[in-house]
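>>> generate a structure from the sequence data that follows.
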Amino acid sequence: MKYNQYEFEAKVWLWPGDAAWHFVSLPKDMSEHITKMFGDKKRGWGSLPVTVLIGATSWDTSIFPDKKIGSYILPLKALVRKKEGIAVDKKIKVLIEIRV
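Below you'll find the predicted structure:
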């Protein structure tokens with residue numbers, strides 16, 4: 001695995017409120033490591049550009065810091081959820097690569 005790749009499993013959750021955004025949270029220790037290694041690359045809202053692989057589906061997006069939970073969160077596009085059969089509360093395996 002490359003120095004800028006991270007793999008984890010997480011349960012899918014729904015953003016509270018009117019928007020139906022689905023997310024997974026990166027583990028806190030992983031988030032801390034990412035900030036330490038790539039914090040100087042942050043963009044708007046503290047985001048970091050990433051390439052994501054879930055199942056057979058890959059796409060470019062960003063991870064965002066969530067101060068309430070103390071880790072980065074990854075939004076899951078509807079098209080990806082449909083292709084990979086992803087639903088709320090499902091545990092999924094995620095590979096992200098920080099685009100540096």
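>>> how about the top strand by length along the chain: buried residues?
In the chain, assigned by DSSP state E, the strand with the most residues is strand 57-66. For strand 57-66, a neighbour-count test (16 or more other CB atoms under 10 Å) marks 61-65 as buried. All C-beta atoms are positioned from the backbone trio N, CA, C, and that covers glycine.
>>> gap between the closest residue to residue 62 other than its chain neighbours and residue 82?
Nearest residue to residue 62, sequence neighbours excluded (CB to CB, 6 or more residues apart in numbering): residue 47, at 4.0 Å. Applying CB to CB, to the nearest Å, the value for residue 47 to residue 82 is 24 Å.
>>> same thing with residue 37?
33 Å.
>>> compare these two (neighbour count), which wins?
residue 37 (14 against 10; other CB atoms under 10 Å).
>>> wait, is the more buried one part of a strand?
No - applying DSSP: H, G, I helix; E, B strand; the rest coil, one finds residue 37 to be helix, outside a strand.
>>> what's near enough to touch the closest residue to residue 20 other than its chain neighbours?
Leaving aside its sequence neighbours, residue 20 sits nearest to residue 14 (CB to CB, 6+ apart; 6.7 Å). Taking CB atoms under 8 Å, 6 or more residues apart in numbering as the contact definition, residue 14 lies against 20-23, 88.
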